[in-house]
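S.K.: coordinates for the following, if possible.
(one chain, ligands or ions: 1)
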Amino acid sequence: MTEYQSKRYKEVYNLFISKFYDIGLKIGLTPSGEKILRASVFKSLSPYIKRKDRILDLCCGTGTLTVLITSLIYRECKIIGVDLSFGQIAKAQKKNKYPNLIFALMDANELKFSNNYFDHVIISAALHEMDKNQRLNVLSEIHRILKRGGIFLIFEHHEPSKISLRILYNFYLGFIEKVTSHSFEMQRNILKELKKSGFKILKQIPIKKFLSFFQIILLKK
Ligand SMILES: C[S@@+](CC[C@H](N)C(=O)[O-])C[C@H]1O[C@@H](n2cnc3c(N)ncnc32)[C@H](O)[C@@H]1O
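M.R.: Model prediction:
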């Protein structure tokens with residue numbers, strides 16, 4: 001992304017998307033659909049979470065997932081949600097009633113954490129909004145701040161393999177995402193890029209309860 005594109009991206013989130021993000025998701029996914037997707041992320045990560053772990057929700061948006069995870073895990077864990085957009089972070093902060101959770105404004109390209117700081121990192125629905133260079137840079141930052149043996153969870157779009165579902169997917173998500181994001185390019189290259197960035201792929205799980213339109217990729221450093 002050029003500096004100009006990055007400035008525009010932030011402005012669009014701050015001035016427009018953050019105001020309608022939560023309601024937009026509920027309309028696009030339905031309230032129960034969103035719950036199913038958020039719960040799938042928690043279910044995949046929870047077996048790895050130990051007391052006193054540090055968890056980063058990178059590109060946390062309005063913090064819905066961050067707050068859900070915080071509410072379901074040990075109070076001794078420390079959870080940090082960061083995002084580039086102050087509009088998104090302001091919404092997230094309003095939802096926070098937990099002393100062990102903080103939200104902060106931060107660019108995933110330049111994370112202000114020391115090496116090997118986190119036990120787990122999550123990135124939900126953000127990699128498809130990054131171009132290849134930015135994605136590789138962000139993956140390298142995640143690798144730097146994650147402890148050896150730490151878990152990295154990606155929640156992302158997924159084009160189903162079944163032809164009937166693929167047609168529906170392209171109708172539902174494909175058109176908009178082709179125009180506004182790097183979703184298809186990201187899906188084609190992500191596994192290669194993750195290996196190149198030093199992660200070990202543990203599992204790739206299409207979310208069947210949501211027609212396999214989304215996936216979780218679980219990785220280990
Ligand atoms: C589609 S939203 C997903 C939000 C949230 N993770 C969720 O699951 O609802 C993508 C988010 O990524 C954030 N984002 C994109 N690039 C970023 C970057 N370089 N650093 C931090 N946040 C970024 C955007 O501001 C936006 O809030």
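S.K.: write out the residues of this protein neighbouring the ligand.
M.R.: 13, 59-61, 64-65, 83-85, 88, 107-109, 124-126, 129 (CB under 6 Å from any ligand atom). Bear in mind the C-beta positions are built from the backbone N, C-alpha and C, glycine included.
S.K.: redo that, cut-off 5 Å
M.R.: Residues of the chain lying close to the ligand (CB under 5 Å from any ligand atom) are 13, 59, 61, 83, 84, 85, 88, 107, 108, 124, 125, 126.
S.K.: what is the burial count for the residue of the chain found nearest the ligand?
M.R.: Among all residues of the chain, residue 61 sits closest to the ligand, at 2.5 Å; criterion: CB to the nearest ligand atom. Residue 61: 26 surrounding residues under other CB atoms under 10 Å.
S.K.: next, it: phi, psi?
M.R.: Dihedral angles of residue 61 (phi, psi; degrees, to the nearest 10) stand at phi 60, psi -130.
S.K.: helix or strand: which one has the closest residue to it other than its chain neighbours?
M.R.: In this structure, residue 61 finds its nearest non-sequential neighbour in residue 88, 4.9 Å apart by CB to CB, 6 or more residues apart in numbering. Residue 88 belongs to helix 86-95 when assigned by DSSP states H and E.
S.K.: that helix: which residues count as buried?
M.R.: 87, 88, 89, 90, 91, 92, 93, 95 (16 or more other CB atoms under 10 Å).
S.K.: what about it, average pLDDT?
M.R.: Averaging pLDDT along helix 86-95 gives 96.
S.K.: give me the helices and strands touching the longest strand along the chain, please.
M.R.: Ranked by residue count under DSSP state E, the longest strand found in the chain is strand 146-157. The contact analysis (3 or more CB pairs under 8 Å, 6 or more residues apart in numbering; DSSP states H and E) places strand 146-157 against helix 31-45, strand 118-124, helix 183-196, strand 214-220.
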